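Participant: take a look and give me a structure for this.
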Amino acid sequence: MVYQNSFEAVNPRFTAGQIVEEPIRYFGLVPGKEREQMVAGLLEQVGIPKDEAGKKPHEFSGGQLQRICIARALAANPEMILLDEPLSSLDVSVQAQILNLLRHLKEAFGLTYLLISHDLETVYNIADRLAVIYAGRIIEEIDDINLFESMEHPYTALLLGKDIPVGACEEQLSYISEKGCVYAGRCPYAEQLCFDEVPALTNIKRGHRIACHRRR
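Facilitator: Residues are numbered from 1 along each chain as shown. Below you'll find the predicted structure:
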């Protein structure tokens, strides 16, 4: 897993090398004498020179430390990595660098990512498929990222910054329908049916599903 806040995700007393070595040692992936070489290789894979392995977290920038956290995730030899808002705490210029790194590593290591983010543009740039979740329910889903431009649920539109009617979202999270659509209390298009009945996640075209009574 790669966390949102890299500074809170590491032991401040550990060096960069120790941070990356921890899962290698914990899971017994390689003998002790080979760990240093593996750690150095992983650090270089994410753009951290091996001669900086002795530095501690406070000596790195946020982007550098996030690279170290990515190297730690790779050290466990995973098939899948959970990315929890990995870019949100970084400067915009650094976000692009980390995004490019993640794309490169995905191909190089044959990884599967499960990316959690409110920034759908970031998701678009790295994902193969996408699900939009609100209050614990999937409200829109595409099986192919090429369908991204056709997404249309009102909440998806909000995340994308599209124009929505005046007065929408005034209630924020103060109301979530218990028996109807979870988004009804914020939706500018909500009708009584939306408060009374849960919309089914329904195919509107091949590989595109939406839970919205407007599409019934």
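
Participant: only C-alpha atoms from now on, for both contacts and neighbour counts.
Facilitator: Fine.

Participant: buried stuff in the worst-scoring helix or strand of the chain on mean pLDDT?
Facilitator: Lowest by mean pLDDT, DSSP states H and E among the helices and strands of the chain is helix 120-124, with a mean of 89. Residues 120, 122-123 are the ones in helix 120-124 that count as buried (16 or more other Cα atoms under 10 Å).

Participant: count of residues packed around E79?
Facilitator: 11 (other Cα atoms under 10 Å).

Participant: need the contact list for it.
Facilitator: 110-112 (Cα atoms under 8 Å, 6 or more residues apart in numbering).

Participant: I48: which of the buried residues of helix 120-124 is nearest?
Facilitator: Proximity of the buried residues of helix 120-124 to I48, judged by Cα to Cα, is greatest for T122, which lies at 23.3 Å.

Participant: need the contact list for the closest one.
Facilitator: L99.

Participant: one step back: export the very next helix or strand once past the least confident helix or strand of the chain as PDB, just CAs?
Facilitator: Next helix or strand after helix 120-124 toward the C-terminus (DSSP states H and E): strand 130-134. C-alpha atoms of strand 130-134 as PDB (Å, rounded to 0.1, in the frame of the first residue of the first chain):
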ATOM      1  CA  LEU A 130     -13.000   3.100 -13.200                       C
ATOM      2  CA  ALA A 131     -15.700   3.000 -10.600                       C
ATOM      3  CA  VAL A 132     -17.300   6.100  -8.900                       C
ATOM      4  CA  ILE A 133     -18.300   5.400  -5.300                       C
ATOM      5  CA  TYR A 134     -20.600   7.600  -3.200                       C
END
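
Participant: packing partners for the helix or strand I98 falls within?
Facilitator: Per DSSP H and E: I98 is located in helix 92-109. For helix 92-109, the packing partners by 3 or more Cα pairs under 8 Å, 6 or more residues apart in numbering; DSSP states H and E come out as helix 62-75.

Participant: list the buried residues of the helix or strand just after the helix it packs on.
Facilitator: Once the chain leaves helix 62-75, the next helix or strand it forms, by DSSP H and E, is strand 80-84. Residues of strand 80-84 classed as buried by neighbour count (16+ other Cα under 10 Å): 81, 83-84.

Participant: CSV please, covering those residues and showing pLDDT and distance to P199.
Facilitator: Output for the buried residues of strand 80-84, formatted as CSV (pLDDT from 0 to 100; distance: Cα to Cα, whole Å):
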residue, pLDDT, distance to P199
I81, 97, 32
L83, 96, 29
D84, 95, 28
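
Participant: nice, that's everything, thank you.
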